[in-house]
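K.L.:
no sequence on this one, just coordinates:
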RNA sequence: GAUUCCGUAGCUCAGCAGGUAGAGCACAUCCCUUUUAAGGAUGGGGUCCUGGGUUCGAAUCCCAGCGGGAUCACCA
């Protein structure tokens, strides 16, 4: 296939060929021995200048400053950058200066990956650098990298187009060190949580992503099809039911970092696939879980920032425990100024109307209360706040409140006006559970398309007996957004979902196709330049005009090839 | 889904009372043995997102489409 390339890419492809002609493999197979990284050098060298006198290091060329027979290169590895000092007579001790003059100065580019040996020293300008004794090409880069420069915190020519950054995350990671840092932090958040759970001796498990019944949450699933079984399967929207079956099975605590999938809208806080941590612990209740969450988040914040206070947008959010606790009724009382306790569905609908909150007939009591809460309360909850005791209709998997049968023992943790965690004292009464599923069924008949499906295997598991148990789910993407102060979920996902890139790639004909109809090879490039990407296009052309145009281009491009005659062009068109 | 803004060189952007494009960095050539967002000189590089329309003439005005951002709605 013919691929259109820019001038800079063509130059790099030429350099590639020249390297090969010099007997240099631009993509060598053998391992390159590395004995130090940039971070170790910057940390240790200042205190002991005798260190690192025989090093071998590899990385990507990020900038070059060539001053005749000596040059400076910024080399970037996984940990940062270091300057290389490359002197011609040092890497080319004999008469042959090809390695410096041709290979390094002309055939290497920003973006190429090299390995060097040498020793660490400090330049006259006071910068820790590597005096290079030998240099080896490890990978030639064929595309020019955006060159981002920085001085005194000011960034020049940043690679900032969000579309390009998300689609080509590899480029983003190469040139934007703060992006790499977000993903290092994301990993740190997960590993802190994992060790926190493991210290409690809870078991990390894996449960099915392809599920015959998409249970455990209210959401629209993705559907797929299994050929051998000839049946539909759903991508999981939650793993809650499977984890509770494992509690029935006798594990005291289980957790899973799970990818969930929801076929819903996308925006700054929603991606179709996202990561959730769910944990279930036997013999606990939601009060215990609140304390556990407090400890966990405090530890994550400390692990990342060495303090509990975290900057999120314009707010300073303090994850120091304990967090504020507020029942849902009290929250609505406090922020909306109405008392909803004991109100009927009709009365609640009236309240919504009086507050100009949009409702529809499919909404049950639970959804109405949730609407009031969402509209009037959520955005006030900036500092971490537990909202407790949700109406029973909106929590079909949650245990009834121990003192009020209208409510459930459920809490959500709100941070910066957004839900972060969701947790229950889990419902373990199989008869109540079946009834609640049936209520969901009638909600769904009423028109609520997210009401839950009935999972009879889950009910059967409960019939064998599940210990009292508390479970909690937390969105890892949102947690990462808070902990790294990113306003968009796309910035905490390595590869956020995007519409496929329209390859406006000119699916032009290859050289051979043109040659086949009689076009001399040397003229193919000129024809493309003139806009003829396929032989079919060429056949539509006016031969006189084409002769003129091509002649003009030949002159403009200073081509040293014989001029065309009208008969030549006519013969292509007639071929 | 609605509203709105954006799409020009490899990157970041300018150009838009309509006359077929400019800058900085990057790239190329030459000169420079320690520089640091960094030399100096010269030069090359663009289906101005796509397709229609208005016009003698469209990067510029109009319509449609594609892609992206933001806000809202939906959704946790």
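P.N.:
That came through fine. Predicted, not measured: the structure shown is a model, and the values here were computed from it.

K.L.:
Assumed residue A:474 was part of a strand.
P.N.:
Yes. Secondary structure of residue A:474 (DSSP: H, G, I helix; E, B strand; the rest coil): part of a strand.

K.L.:
Quickly list what it is bridged to.
P.N.:
Beta bridges link residue A:474 to residue A:277, residue A:421 when assigned by DSSP bridges.

K.L.:
Which residues are in contact with it?
P.N.:
Shown in contact with residue A:474 (C-beta atoms under 8 Å, 6 or more residues apart in numbering): A:276-277, A:293, A:413, A:420-422. For the C-beta atoms, the positions are set from N, CA and C on the backbone; glycine is no exception.

K.L.:
if we go to 10 Å?
P.N.:
Residues near residue A:474 by C-beta atoms under 10 Å, 6 or more residues apart in numbering: A:193, A:275-279, A:293, A:296-297, A:413, A:419-423.

K.L.:
Which of these sits closest to RNA strand B?
P.N.:
Relative to RNA strand B, the closest of the contacts of residue A:474 is residue A:419; by C-beta to the nearest atom of the strand it sits at 4.5 Å.

K.L.:
Distance-wise, check the closest one relative to residue A:65.
P.N.:
Per C-beta to C-beta, to the nearest Å, residue A:419 is found 51 Å from residue A:65.

K.L.:
neighbour-wise, which of those two wins?
P.N.:
Taking neighbours as other C-beta atoms under 10 Å, residue A:419 and residue A:65 compare with residue A:419 leading, 17 against 10.

K.L.:
Apart from its chain neighbours, what residue comes closest to the more buried one?
P.N.:
residue A:412 (5.3 Å; C-beta to C-beta, 6 or more residues apart in numbering).

K.L.:
Thought residue A:377 was touching the one you found, still the case?
P.N.:
No. The pair residue A:412 / residue A:377 is not scored as a contact, 11.1 Å apart, by C-beta atoms under 10 Å.

K.L.:
shared neighbours, those two?
P.N.:
The contact lists of residue A:412 and residue A:377 share A:328, A:385, A:387, where a contact means C-beta under 10 Å, 6+ apart.

K.L.:
By pLDDT, give me the weakest of the residues you listed.
P.N.:
Lowest pLDDT of those: residue A:328, 92.

K.L.:
Distance check, that one against RNA strand B.
P.N.:
From residue A:328 over to RNA strand B the distance is 11 Å, taken as C-beta to the nearest atom of the strand, to the nearest Å.

K.L.:
what comes up buried for stretch A:139-154?
P.N.:
A:140-142, A:145-146, A:148 (16 or more other C-beta atoms under 10 Å).

K.L.:
same question, stretch A:91-106
P.N.:
Applying 16+ other C-beta under 10 Å to stretch A:91-106 flags A:91-92, A:97, A:99-100, A:103-105 as buried.

K.L.:
now check it, is it near RNA strand B?
P.N.:
Yes. Residues of stretch A:91-106 contacting RNA strand B under C-beta under 7 Å from any atom of the strand: residue A:106.

K.L.:
can you give me the strands in the stretch 351-500 of chain A?
P.N.:
Assigned by DSSP state E, counting those that start in this stretch, the stretch 351-500 of chain A shows strands spanning A:385-388, A:410-415, A:418-425, A:469-475.

K.L.:
wait, which of these is closest to residue A:55?
P.N.:
Among the strands of the stretch 351-500 of chain A, strand A:469-475 comes nearest to residue A:55, with 43.3 Å by C-beta to C-beta.

K.L.:
Contact residues of the stretch 351-500 of chain A facing RNA strand B?
P.N.:
Residues of the stretch 351-500 of chain A lying close to RNA strand B (C-beta under 7 Å from any atom of the strand) are A:358, A:370, A:374, A:378, A:412, A:419, A:422, A:450, A:475, A:487-488, A:490, A:498-499.

K.L.:
Restricted to buried residues, select these in ChimeraX.
P.N.:
Remark: buried members of these, expressed as a ChimeraX selection using 16+ other C-beta under 10 Å:
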select /A:370,378,412,419,422,450,475,490
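
K.L.:
and the residue lying closest to residue A:344 once chain neighbours are set aside, what does it touch?
P.N.:
In space, and not counting its chain neighbours, residue A:344 is closest to residue A:365: 7.8 Å by C-beta to C-beta, 6+ apart. Listed by C-beta under 10 Å, 6+ apart, the contact set of residue A:365 reads A:340, A:343-349, A:391-394, A:406.

K.L.:
measure residue A:365 to RNA strand B for me?
P.N.:
Counting by C-beta to the nearest atom of the strand, the gap from residue A:365 to RNA strand B is 15 Å.

K.L.:
helix/strand/coil for residue A:302?
P.N.:
Going by three-state DSSP: residue A:302 is helix.

K.L.:
Give me the neighbour count for it.
P.N.:
14.

K.L.:
Give me the phi and psi for the nearest residue to it once chain neighbours are set aside.
P.N.:
Excluding its sequence neighbours, the residue lying closest to residue A:302 (C-beta to C-beta, 6+ apart) is residue A:308, at 6.2 Å. Dihedral pair for residue A:308: phi -90, psi -10, per degrees, to the nearest 10.

K.L.:
Residue A:308 and residue A:287, how far apart?
P.N.:
Going from residue A:308 to residue A:287 by C-beta to C-beta gives 22 Å.

K.L.:
what does residue A:320 give?
P.N.:
To residue A:287, residue A:320 is 19 Å away according to C-beta to C-beta.

K.L.:
Could you do residue A:28 as well?
P.N.:
Taking C-beta to C-beta, one finds residue A:28 at 61 Å from residue A:287.

K.L.:
again with residue A:515
P.N.:
In this view, residue A:515 and residue A:287 are 80 Å apart by C-beta to C-beta.

K.L.:
again with residue A:142
P.N.:
Taken as C-beta to C-beta, the span from residue A:142 to residue A:287 is 60 Å.

K.L.:
which sections of the stretch 351-500 of chain A are below the confidence cut-off?
P.N.:
A:447-450 (pLDDT under 70).

K.L.:
Which one of the residues in it is closest to RNA strand B?
P.N.:
Counting by C-beta to the nearest atom of the strand, the stretch 351-500 of chain A gets nearest to RNA strand B through residue A:499 (3.3 Å).

K.L.:
if you look at stretch A:128-137, does any of it touch RNA strand B?
P.N.:
Yes. Using C-beta under 7 Å from any atom of the strand, stretch A:128-137 reaches RNA strand B at A:129, A:131.

K.L.:
That stretch: which residues count as buried?
P.N.:
The neighbour-count check on stretch A:128-137 (16+ other C-beta under 10 Å) flags A:128-133, A:135-137 as buried.

K.L.:
ok now that stretch, how far from the chain's centre?
P.N.:
Taking the mean of its C-alpha atoms, stretch A:128-137 sits 34 Å from the chain's own mean (C-alpha atoms, centre = their mean, to the nearest Å).
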